[in-house]
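A.B. asks: Test case, fold it:
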Amino acid sequence: MLFMVIERYAEGIAPQVYRRFRDRGRLAPDDVKYVASWVDHDFRTCWQVMEAESLERLQLWTSQWEDLVEFEIVPVRTSAEAAAVIAPRL
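C.D. replies: Presented below is the predicted three-dimensional model:
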């Protein structure tokens, strides 16, 4: 499954987030895969696409960051998958 993970950082906390990432890596289980991410210019929000077998597997990763980051997790699908699912209803 794909998940859009919206990470929100408190004002001024981004250096701590990036320091932990630099020093310890993503801290995700081997079966939770990074796909892509984007960060706003103020270092307050990161939008990250992750792949995991289940929400529970993804939450093993987010639990490593909850002291620094507030998470919103949204299950998503690709546009091609969405088109295939909706096609019978067109």
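A.B. asks: can you tell me which residues contact the residue lying farthest from the centre of the chain?
C.D. replies: No residue in the chain sits farther from the centre than residue 90, which is 31.7 Å out by C-alpha atoms, centre = their mean. With contact set as C-beta atoms under 8 Å, 6 or more residues apart in numbering, residue 90 has no partners. All C-beta spots, glycine's among them, are computed from the backbone N, C-alpha and C.
A.B. asks: ok, it to residue 83 distance?
C.D. replies: 9 Å (C-beta to C-beta, to the nearest Å).
A.B. asks: before we move on, what about residue 5?
C.D. replies: Distance from residue 5 to residue 83, counting by C-beta to C-beta: 24 Å.
A.B. asks: more neighbours, the two?
C.D. replies: Shown here are residue 5 and residue 83; by other C-beta atoms under 10 Å, residue 5 has more neighbours (22 against 11).
A.B. asks: Identify the spatial nearest neighbour of the more buried one, chain neighbours not counted.
C.D. replies: Of all residues not flanking residue 5 in the chain, residue 48 sits nearest, at 4.4 Å (C-beta to C-beta, 6 or more residues apart in numbering).
A.B. asks: what distance separates the strand or helix carrying the one you found from the centre of its chain?
C.D. replies: If you go by DSSP states H and E, residue 48 is part of strand 45-51. Computed by C-alpha atoms, centre = their mean, to the nearest Å, the chain-centroid distance of strand 45-51 equals 3 Å.
A.B. asks: List the buried residues of that strand.
C.D. replies: By neighbour count on 16 or more other C-beta atoms under 10 Å, the buried set for strand 45-51 is 46, 48, 49, 50.
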